[in-house]
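> Only the shape, not the letters, is given here:
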DNA sequence: GTCTATAAGATGATAGAC
DNA sequence: GTCTATCATCTTATAGAC
C-alpha cells in the first residue's frame, strides 16, 4: 500500500461519507469524479498526456479547470488513476477469462483465452486500458516508475501462461518465449491505432490473431 | 509535389548555394540542420511531440531556441521533416531488401525479407522511423493528414507483398490478409517500446518474428 | 462542489543586434 | 548563423466567494 498509486479521491470521502451530508445529492462527487476520469482517459488516449490541457478535460466534463482540483490533486495524479485503472481492468478480465477455461483443456486454450480477453478489453473495454497501453512509453519517468509494479505483475502472469504451455510440451521447442510474448503484446497493443469497431469484428480479429500466433507457436 | 510535405530548409539554400558564399564554412548550415533533426527525432521519440519544447531541442543541439527558426519555420515543420524522413527510410530499406531476394525464391521469402528490414530499420536505423511510427497516432490531425500519402503507399506495398504470396498459393486460405498485416505491423512497430539492443539481438528477433508469423501464415 | 480571479512560470514565435 | 530581448498566449495551480 505504501508503494504504487492510490486512487482515493482528494476530498477523502467515499460514497457513504458524502451521502452523510444532507446537502449534496448522494454520489454527486463520485459521479463527477467518474465523468472526469472517463473524459481524461479518452483525451489522453487521443492526444497524449502533454498535449491534453486541464481545460480540455474540464470543458468536456462541463466544468471549469479549477474545479478539477476539488477531485484531484494534480494533472499527474489524474493520469495515475487512469493508468492504474486501465491495467487493473485488463489484468482482471484476462485472469477471469483464463480461469473460465475448463481445467481439462490444454494449456494453449488458456493462452487463446488470454489473447481474446486482452484484445476485447482494448477494443471494447473503454478508454482506460487502451490509453494506459498507448501513451505509457512517453510519460514522465516518475509516472512510469509508480506504475511498474502492476505492469510487471501482468507481464509475469503471461510469462507463466506461456511457460506452462511449454512445460506441457505444447509449444515448439525452438522458441524464445520472452520475444514471442513481446511480439504478441505488440500485435495486441497496437490495435487501438488502427482497429475500427463493428458488429462481430472484435471476436473475428481475436480468432485471427489467435490462429496467427498459435499455429506458429504450437507443435504440429 | 503540391500535396504532402516538403523538406526544403527554410533558408532556401542547398549545400552548393551555401558554399558559394565564402563566409560560412561549406555545409555549416546543412550540418547544423542535420544535428537539429537528429536531436528532434530522438526527443520526439522519447517524450512525444507536445512534451518536447524547442528549448529541449535547442539545448541538445548546442543552440538557443530562437536559432532554430533560421533552419525551420516552426516546431510543426520540424516534425513534418522528421516524420517524412522516417517513413522514407523505412520504405526504401524494405523495398531494397525485397528486391534483393532472388527471383526464383518463393513469395514468402520476400515477406520474410520485408519483416527483417522493417525491424532492422526500427531498431538500428536511427530515431526517425521509430519516432515516426510511435508518436503518429497522437499528433495533430493536420500533421497526420500531410503524412498520409506516403504512409498509405507503404501500406499498399505490403498489401501487394502478401497478396502475391496468397496468389501463389503460399498462404493458408482462411486468412484475412488485412488483419494479418496490421497485427504484423503492431508486432513490429511496438518493438521500440521494449527491445534492448545487443550484438546479434536484432537479427535473432527478426528470425523469431518471421518464424512466428510465417509458420502461422504458411500452408503446412 | 463549482465558480471567478489571478498568480507564476513556461512556451512558440518575432525583431533586430552582432 | 547565432545571439539577446521581448511578446502574446497558454498552462498548472491556488485563493477565496458563492
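Thanks, I have it. Because the structure is predicted, anything quoted here is derived from the model rather than measured.
> Which single helix of chain A contains the most residues?
Looking across chain A with DSSP state H, the single longest helix is helix A:141-167.
> elements contacting that one?
Helix A:141-167 makes packing contacts with helix A:75-99, helix A:107-124, helix A:177-189 when contacts are defined by 3 or more CB pairs under 8 Å, 6 or more residues apart in numbering or on different chains; DSSP states H and E. Placement of C-beta: from N, CA and C, glycine included.
> burial measure for the spatially closest residue to residue A:58 that is not a sequence neighbour, as a count.
Counting by CB to CB, 6 or more residues apart in numbering or on different chains, residue A:58 lies nearest to residue A:65, which is 4.4 Å off, once chain neighbours are set aside. Residues contacting residue A:65 under the criterion other CB atoms under 10 Å in any protein chain shown number 15.
> ok, now residue A:51?
For residue A:51, the neighbour count with other CB under 10 Å is 17.
> Residue A:39 too?
Residue A:39 sits with 21 neighbouring residues when counted by other CB under 10 Å.
> still on that earlier bit, correct me, but the residue nearest to residue A:58 touches residue A:71?
No - with the criterion set as CB atoms under 8 Å, residue A:65 and residue A:71 do not qualify as a contacting pair; they are 11.9 Å apart.
> Write out the residues of chain A neighbouring DNA strand D.
By the rule CB under 7 Å from any atom of the strand, the part of chain A lying against DNA strand D is A:52, A:53, A:54, A:55, A:65, A:66, A:69, A:73, A:74, A:75, A:76.
> just to revisit the earlier point, take the helices and strands packed on helix A:141-167 and lay them out in a markdown table including distance to residue B:35 and mean pLDDT.
Supplementary listing: those in a markdown table, determined by distance: least, CB to CB, whole Å; pLDDT from 0 to 100:
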| stretch | distance to residue B:35 | mean pLDDT |
| --- | --- | --- |
| helix A:75-99 | 32 | 98 |
| helix A:107-124 | 39 | 97 |
| helix A:177-189 | 31 | 97 |
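> Of those helices, which is nearest chain B?
Set against chain B and scored by CB to the nearest CB, these come closest in helix A:177-189, at 2.8 Å.
> Quick check, residue A:214 in contact with residue A:108.
Yes - with contacts counted by CB under 8 Å, residue A:214 reaches residue A:108, the gap being 6.0 Å.
> which of these two has more neighbours?
residue A:108 (21 against 18).
> What does the closest residue to the more buried one other than its chain neighbours show for phi and psi?
Setting aside the residues directly before and after it, residue A:108 is nearest to residue A:170 in space (CB to CB, 6+ apart), at 5.1 Å. The phi/psi pair for residue A:170 (degrees, to the nearest 10) reads phi -90, psi 0.
> gap between residue A:192 and residue A:52?
Remark: distance between residue A:192 and residue A:52 (CB to CB, to the nearest Å) = 16 Å.
> Next, count neighbours for the residue nearest to residue A:108.
Here the count is done by other CB under 10 Å, and residue A:170 has 18 residues near it.
> TSV for the helices and strands packed on helix A:141-167, including distance to DNA strand C?
Written out in TSV, the entries for the helices and strands packed on helix A:141-167 read as follows (distance: least, CB to the nearest atom of the strand, whole Å):
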stretch	distance to DNA strand C
helix A:75-99	13
helix A:107-124	29
helix A:177-189	28
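> Rebuild the ones you listed as a markdown table, extending it with distance to residue B:115.
Converted to a markdown table, the helices and strands packed on helix A:141-167 look like this (distance: least, CB to CB, whole Å):
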| stretch | distance to residue B:115 |
| --- | --- |
| helix A:75-99 | 27 |
| helix A:107-124 | 21 |
| helix A:177-189 | 11 |
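> so what's residue A:127 closest to, chain neighbours aside?
Spatial nearest neighbour of residue A:127, chain neighbours left out: residue A:41 (4.0 Å); criterion: CB to CB, 6+ apart.
> Could you pull up the residues touching the one you found?
When the contact criterion is CB atoms under 8 Å, 6 or more residues apart in numbering or on different chains, the partners of residue A:41 are A:82, A:85, A:86, A:126, A:127, A:128, A:131.
> mind redoing it with 6 Å?
A:82, A:127, A:128, A:131 (CB atoms under 6 Å, 6 or more residues apart in numbering or on different chains).
> close to DNA strand C, is the host helix or strand of it?
Assigned by DSSP states H and E, residue A:41 belongs to helix A:28-47. Yes - with CB under 7 Å from any atom of the strand as the criterion, DNA strand C is reached by helix A:28-47 at A:28, A:29, A:30, A:32.
> what about residue A:142, neighbour count?
Summarising burial for residue A:142: neighbours were counted as other CB under 10 Å, giving 9.
> for residue A:73, that is, sorry about that
A count of nearby residues for residue A:73, using other CB under 10 Å, gives 12.
> got the contact list for it?
By CB under 6 Å, 6+ apart, the contact list for residue A:73 reads residue A:10.
> Looking at residue A:174 now. What's its pLDDT?
Looking at residue A:174, its pLDDT stands at 87.
> for residue A:8, that is, sorry about that
Looking at residue A:8, its pLDDT stands at 77.
> Confirm it sits in a helix?
No - when classified by DSSP: H, G, I helix; E, B strand; the rest coil, residue A:8 is found to be coil rather than part of a helix.
> Got the phi and psi for it?
The main-chain torsion angles of residue A:8 are listed as degrees, to the nearest 10 and equal phi -70, psi 140.
> Please tell me how far it sits from residue B:161.
The span separating residue A:8 from residue B:161 equals 52 Å under the rule CB to CB.
> The two: which is more packed in?
Per other CB under 10 Å, whichever of residue A:8 and residue B:161 has more neighbours is residue B:161, with 21 against 10.
> What residues does the closest residue to residue A:42 other than its chain neighbours make contact with?
For residue A:42, the nearest residue in space outside its immediate sequence neighbours is residue A:127; the separation is 4.5 Å by CB to CB, 6+ apart. Residue A:127 is in contact with A:41, A:42, A:45, counting by CB under 6 Å, 6+ apart.
> any chance of these in JSON lines, with pLDDT and distance to residue B:180 too?
Putting these into JSON lines (pLDDT from 0 to 100; distance: CB to CB, whole Å) gives the following:
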{"residue": "A:41", "pLDDT": "99", "distance to residue B:180": "30"}
{"residue": "A:42", "pLDDT": "98", "distance to residue B:180": "29"}
{"residue": "A:45", "pLDDT": "98", "distance to residue B:180": "25"}
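> Is stretch A:194-212 in proximity to chain B?
Yes - when contact is scored as CB under 6 Å from any CB of the partner chain, part of stretch A:194-212 falls within range of chain B: A:194, A:205, A:208, A:209, A:212.
> I'm done for today, thanks for sticking with me.
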